[in-house]
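Enquirer: fold the following and give me the result.
(one chain, ligands or ions: 2)
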Amino acid sequence: MIVLKSEDEINRMAESCRIVAEVLEGIKKIVAPGVTTKELDEFAESFIRSKGARPAFKGYRGYPASVCTSVNEQVVHGIPSPARLADGDIISLDIGVYYRGFYGDAAVTLPVGRINGPAEKLLAVTEKALEAGIDRAVPGNRLSDISSAIQACAESEGFSVVRNFVGHGIGRELHEEPQIPNFGRAGEGPRLREGMTLAIEPMVNAGGWEVVILSDGWTAVTKDGSLSAHFEHTVAITKKGHDILTKL
Ligand code: MF3
Ligand code: CO
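Expert: Numbers count the residues shown, from 1 in each chain. Ligands and ions are numbered 1, 2, ... in the order given. I've put the predicted structure just below:
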């Protein structure tokens, strides 16, 4: 069942989502060669707690940190560590916040120092794929219109979309119905309606779509070792269109 939110509930969700956006904005300023992913996690956790909010991922199914930090060929769910970022890396940062009854969830992939042309293109296309998906997130469209727009955008540039992880409804729970695959044919699934709140999150690989989970039980990496990027926003469907709640 898809839980529809009232305008008042969406306004409250917007507050958790704003904290997510603020953390990401702050973290962007400290990502640099030499910084450890653990330091990024510590920054995020103390920022979130200073707002009276709680990091949504910490403890979720035993996940040990507040942020997922996925570097280079890591797709999602990379665990913060004392490893230092290097010039030319890309890093995906995924952040969830719980505040006064509601969740917010967003992710970006950032360059560390100077990155090469192919990596830059992967970041730009993945962000564009998220925008293409969000464009279709309007009342009257069907859920898979989002999926198919994301897939078309990524594949038209020679990249592939990850199959094993999907976007999701979000609200009083971090993961609600519906699941939102980043691939599929348009025109299928439930009709989008005012009050739906969706975390749309394409994961795009420079090579093949297959992923492998490392022995830590969390970190997903590309099977072929190619680079991977991840962008995510929490979006509310409104009467006439949508609001991107995790955008400042
Ligand atoms: N954005 C991801 C999701 O919504 C992050 C979950 S990470 C976890 O599924 F650690 F909480 F599992
Ligand atoms: Co999510």
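Enquirer: and stretch 139-147, end to end?
Expert: 15 Å (Cα to Cα, to the nearest Å).
Enquirer: quick one: mean pLDDT over it.
Expert: Averaging pLDDT along stretch 139-147 gives 98.
Enquirer: got it, and stretch 239-248?
Expert: On average, stretch 239-248 scores 97.
Enquirer: helices of this protein, start to end?
Expert: 7-30, 37-50, 117-135, 143-156 (DSSP state H).
Enquirer: with respect to burial, which of those helices scores highest?
Expert: helix 143-156 (a mean of 23; mean count of other Cβ atoms under 10 Å). All C-beta atoms are positioned from the backbone trio N, CA, C, and that covers glycine.
Enquirer: can you add distance to residue 106 and give the helices of the chain back as a markdown table?
Expert: Below are these laid out as a markdown table (distance: least, Cβ to Cβ, whole Å):
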| stretch | distance to residue 106 |
| --- | --- |
| helix 7-30 | 5 |
| helix 37-50 | 12 |
| helix 117-135 | 10 |
| helix 143-156 | 16 |
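Enquirer: ok, which of the ones you listed comes nearest ligand 1?
Expert: Evaluated over those, closeness to ligand 1 peaks at helix 7-30, with 10.3 Å, by Cβ to the nearest ligand atom.
Enquirer: related to what we said a few turns ago, looking at the helices of the chain, which is closest to residue 74?
Expert: helix 37-50 (10.1 Å; Cβ to Cβ).
Enquirer: relative to helix 7-30, how tilted is the closest one?
Expert: 140 degrees (axes from the mean of the first three to the mean of the last three Cα atoms, to 10 degrees).
Enquirer: what's helix 37-50 packed up against?
Expert: Helices and strands touching helix 37-50, by 3 or more Cβ pairs under 8 Å, 6 or more residues apart in numbering; DSSP states H and E, are helix 7-30, strand 54-55, strand 67-71, strand 90-99.
Enquirer: which other residues reach stretch 36-50?
Expert: If you take Cβ atoms under 8 Å, 6 or more residues apart in numbering as the criterion, stretch 36-50 is touched by 19, 22-23, 26-27, 30-31, 54-55, 58, 65-67, 69, 71, 78, 80-85, 91, 93, 95, 97.
Enquirer: over to stretch 142-157?
Expert: 121, 125-126, 128-130, 132-137, 160-161, 167, 178, 180-192, 198, 200, 202, 204.
Enquirer: may I see the buried residues of stretch 77-95?
Expert: 77, 78, 79, 80, 85, 89, 90, 91, 92, 93, 94, 95 (16 or more other Cβ atoms under 10 Å).
Enquirer: what sits against the third one?
Expert: Under the criterion of Cβ under 8 Å, 6+ apart, the contact partners of residue 79 comprise 63, 64, 65, 68, 69, 216, 218, 219.
Enquirer: near ligand 2, which of those show up?
Expert: Near ligand 2, taking Cβ under 5 Å from the ion as the test, no member of these is found.
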